[in-house]
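Asker: How does the following fold in three dimensions:
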Amino acid sequence: MKKRFLYILLFVILLISFNLPFWNTLKSYTIMYFYDKTQNTLHEKGISFYIPNGLKTLKSDWYPFMLHYDASEYFSQYIKKNSSLQVLYSFGSFDFSKGCSHFYDSSSPYYAAFYGGYALFCEDHPYGFDKNGNMNIEEITKVPMFDQTYLVLPSLGCPKDKIYFQSTVEKIETNKNYIGINGWTKIDAKIKTNAPIHKTENKKNMGYIQYGKPHKSFFNKNEYPLISLNGRIYVKYIDELKGTFFLYIMAKDIQTVNLCDKELLSQSNISINNH
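Answerer: Residues are numbered from 1 along each chain as shown. Below is the predicted model:
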């Protein structure tokens, strides 16, 4: 076991030592694979929250892992209430020749795109809903807003005074049957926020570990420009699990949203883990 760990450590060190595009891609895969193991904490609550990753489609569309991040501490500070928030997310696949994700490429359908889920547990009430089960759109909107403005954009070096997020609800459908569970609310919205593209000179942003550094050919005059995205969220408070669950997609083209919904998000599963 010790020898195996040394081999893995040596492999990671070798990846970090090289700065070739191909190595940068493998560096993201390796580091994020092991880091993810420290962040996936839902099993401690006896909950299984499965969302298919990019490998399921056998296409060069999304990152090959569904990543997890325990944002409980920061989200509790954000809403000023004791809470637990697990973020599940994936982004555009890597361009091996450039050593970074299509997340940075404005010509790609996966420019600034994410899909995934949130599992949110709040100490005093069903987050996003009142005691009668009526939806609180302000609370629900705060979750993707927090993700984008407190986690994603700062990790890419976007200045605080430039960070922007605004969503406009276009359509709400209630009592939807989704992933084999009744009672979901489906929300389609337009989102205006910052794109991730920027210059990389003398920058060592934490986000580079997972997305890679944006290739210089992707940059076109403006850093972190405002863009319009299509957003979709399915949200439901699951009483049996005492938590509010979200499944979400955001992308610049509605076709990408619909395809991701059909091929990946709708194949998700939420259940009590009996193991």
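
Asker: quick one: the strands in this protein?
Answerer: Using DSSP state E, the strands of the chain run over 47-50, 67-70, 83-91, 94-95, 100-101, 114-122, 165-178, 181-194, 226-238, 243-251, 269-272.

Asker: could those strands be laid out in JSON lines, adding mean pLDDT and mean neighbour count?
Answerer: (Each C-beta comes from the backbone N, C-alpha and C, glycine too.) Output for these, formatted as JSON lines (pLDDT from 0 to 100; neighbours: other CB atoms under 10 Å):
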{"stretch": "strand 47-50", "mean pLDDT": "94", "mean neighbour count": "18"}
{"stretch": "strand 67-70", "mean pLDDT": "97", "mean neighbour count": "19"}
{"stretch": "strand 83-91", "mean pLDDT": "97", "mean neighbour count": "23"}
{"stretch": "strand 94-95", "mean pLDDT": "92", "mean neighbour count": "22"}
{"stretch": "strand 100-101", "mean pLDDT": "94", "mean neighbour count": "26"}
{"stretch": "strand 114-122", "mean pLDDT": "97", "mean neighbour count": "24"}
{"stretch": "strand 165-178", "mean pLDDT": "97", "mean neighbour count": "13"}
{"stretch": "strand 181-194", "mean pLDDT": "97", "mean neighbour count": "18"}
{"stretch": "strand 226-238", "mean pLDDT": "97", "mean neighbour count": "20"}
{"stretch": "strand 243-251", "mean pLDDT": "98", "mean neighbour count": "24"}
{"stretch": "strand 269-272", "mean pLDDT": "92", "mean neighbour count": "15"}
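
Asker: any chance of the ones you listed in a markdown table, plus distance to Asn220?
Answerer: Output for those, formatted as a markdown table (distance: least, CB to CB, whole Å):
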| stretch | distance to Asn220 |
| --- | --- |
| strand 47-50 | 38 |
| strand 67-70 | 28 |
| strand 83-91 | 20 |
| strand 94-95 | 16 |
| strand 100-101 | 15 |
| strand 114-122 | 22 |
| strand 165-178 | 22 |
| strand 181-194 | 15 |
| strand 226-238 | 12 |
| strand 243-251 | 19 |
| strand 269-272 | 40 |
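
Asker: of the ones you listed, which approaches Lys204 most closely?
Answerer: Closest to Lys204 of those, according to CB to CB: strand 100-101, at 14.9 Å.

Asker: so what secondary structure elements neighbour that closest one?
Answerer: Counting by 3 or more CB pairs under 8 Å, 6 or more residues apart in numbering; DSSP states H and E, the packing neighbours recorded for strand 100-101 are helix 21-39, strand 94-95.

Asker: strand partners of the last one, parallel vs antiparallel please.
Answerer: Spelled out, it's strand 94-95. strand 100-101 (antiparallel) (DSSP bridges).

Asker: Residues contacting the partner strand, please?
Answerer: Contacts with strand 100-101, where a contact means CB atoms under 8 Å, 6 or more residues apart in numbering, come from 21, 24-25, 28, 63, 91-95, 110, 211-215, 218.

Asker: Swap in 6 Å and give it another go.
Answerer: Identification of contacts with strand 100-101 by CB atoms under 6 Å, 6 or more residues apart in numbering yields Phe91, Gly92, Phe94, Tyr211, Gly212, Lys213, Pro214, His215.

Asker: what about the closest residue to the first one other than its chain neighbours, distance to Glu263?
Answerer: What sits nearest to Phe91 in space, not counting adjacent residues and going by CB to CB, 6 or more residues apart in numbering, is Phe103, at 4.6 Å. Distance, Phe103 to Glu263, by CB to CB, to the nearest Å: 19 Å.

Asker: swap in Glu73?
Answerer: For Glu73 relative to Glu263 (CB to CB), the value is 34 Å.
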